[in-house]
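Peer 1: This is a predicted model, with the sequence first.
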Amino acid sequence: MAKEKVCKNCKVFVEGVTCPQCKGNQFTTIYQGKLNILDSNKSFIAKQIGIAQKGRYAIKVR
């Protein structure tokens, strides 16, 4: 199983060659923690860390 890659800019998990949110192409496989945002409008955590779209996010990237 291949390691999951995370966008260094917006911390979203990415499967393709470009990030679907910021359109960036700098990724890392070194991250700590996962966060699943189902509804960014109702999520207290999403509001606190500035996430505006639903998705899977890494808590910390290097």
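Peer 2: Received the coordinates, thanks.

Peer 1: Can you give me the distance of residue 19 to residue 42?
Peer 2: Residue 19 sits at a distance of 24 Å from residue 42 (criterion: Cβ to Cβ, to the nearest Å). To be clear about C-beta, it is placed using only N, CA and C from the backbone, and glycine gets the same treatment.

Peer 1: If you count contacts, what does the helix or strand bottoming out on mean pLDDT in the chain end up packed against?
Peer 2: When each helix and strand of the chain is scored by mean pLDDT, DSSP states H and E, helix 44-49 comes last, with a mean of 92. Judged by 3 or more Cβ pairs under 8 Å, 6 or more residues apart in numbering; DSSP states H and E, helix 44-49 is in contact with strand 31-37.

Peer 1: so the residue nearest the centre of the chain bridges to which residues?
Peer 2: Residue closest to the mean C-alpha point of the chain, counted by Cα atoms, centre = their mean, is residue 12 at 1.6 Å. Note on residue 12: beta-bridge partners by DSSP bridges are residue 57.

Peer 1: so who does it touch?
Peer 2: 6, 19, 20, 21, 55, 56, 57, 58 (Cβ atoms under 8 Å, 6 or more residues apart in numbering).

Peer 1: Sketch out the low-pLDDT regions of this structure for me.
Peer 2: Within the chain, the stretches with pLDDT under 70 are 1.

Peer 1: hmm, 80 instead?
Peer 2: The chain contains residues with pLDDT under 80 at 1-2.

Peer 1: What count of nearby residues applies to residue 59?
Peer 2: 11 (other Cβ atoms under 10 Å).

Peer 1: Need the CA coordinates for the host helix or strand of it. PDB is fine.
Peer 2: Assessed by DSSP states H and E, residue 59 sits inside strand 55-61. Extracted as PDB, the C-alpha positions of strand 55-61 are listed here (Å, rounded to 0.1, in the frame of the first residue of the first chain):
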ATOM      1  CA  GLY A  55     -12.600  16.600   3.200                       C
ATOM      2  CA  ARG A  56      -9.800  14.700   4.800                       C
ATOM      3  CA  TYR A  57      -7.000  16.900   6.400                       C
ATOM      4  CA  ALA A  58      -3.700  16.300   8.100                       C
ATOM      5  CA  ILE A  59      -3.300  18.000  11.400                       C
ATOM      6  CA  LYS A  60       0.400  18.700  11.100                       C
ATOM      7  CA  VAL A  61       2.600  18.400   7.900                       C
END
